[in-house]
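Visitor: Sequence and computational prediction follow.
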Amino acid sequence: MQRFEKCVQCGFRYVTEKARQNYIAEGLPGNPQICLHCLSVRTGKVMNVHGNLVFPDEVETSNKQKFIPKTVIEGCRPCMKKRGLL
């Protein structure tokens, strides 16, 4: 079983092998000691489906999370049909 060390920035996530690979790919100096989440915050990038950090505009539209604001649609599908929203 692998032992992962904790992230030095947030303190509760772990530095995984994928985080180490992305740290080296970003060309950051030093030993990789931060988790993938903190690395994405530091670089301003997001994670794609393969676990690699990419710029937000490079993520395929199918990989993006579908975000629908609560103010646009409220209630479940049957409720929306009753209200005439569908």
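Guide: Right, received. Where do you want to start? Residues are numbered from 1 along each chain as shown.
Visitor: List the buried residues of the longest helix seen in the chain.
Guide: Longest helix in the chain by number of residues (criterion: DSSP state H): helix 17-26. For helix 17-26, the neighbour count (16 or more other C-beta atoms under 10 Å) marks 18-20, 22-23 as buried. Backbone N, C-alpha and C define where each C-beta goes, glycine included.
Visitor: secondary structure element for residue 38?
Guide: helix 36-43 (DSSP states H and E).
Visitor: Which SSE is immediately downstream of that helix?
Guide: strand 46-47.
Visitor: re earlier: quick one: the longest helix of the chain to helix 36-43, angle?
Guide: If you take axes from the mean of the first three to the mean of the last three C-alpha atoms, to 10 degrees, helix 17-26 sits at 20 degrees to helix 36-43.
Visitor: which of the buried residues of helix 17-26 lies closest to residue 44?
Guide: residue 22 (13.2 Å; C-beta to C-beta).
Visitor: If we ignore the residues flanking it in sequence, what's nearest the closest one?
Guide: Leaving aside its chain neighbours, residue 22 sits nearest to residue 53 (5.0 Å; criterion: C-beta to C-beta, 6 or more residues apart in numbering).
Visitor: What number of residues are in the vicinity of the one you found?
Guide: By the criterion of other C-beta atoms under 10 Å, residue 53 has 22 neighbours.
Visitor: which residues does it contact?
Guide: Residues near residue 53 by C-beta atoms under 8 Å, 6 or more residues apart in numbering: 22, 25-26, 36, 39-40, 43, 45-47.
Visitor: Can I have the buried ones of the residues you listed as a ChimeraX selection?
Guide: In ChimeraX syntax, the buried subset of the contacts of residue 53 is picked out as below (16+ other C-beta under 10 Å):
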select :22,36,39,40,45,46,47
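Visitor: Mind picking the lowest-pLDDT entry from the contacts of residue 53?
Guide: Within those, residue 47 has the lowest pLDDT, namely 84.
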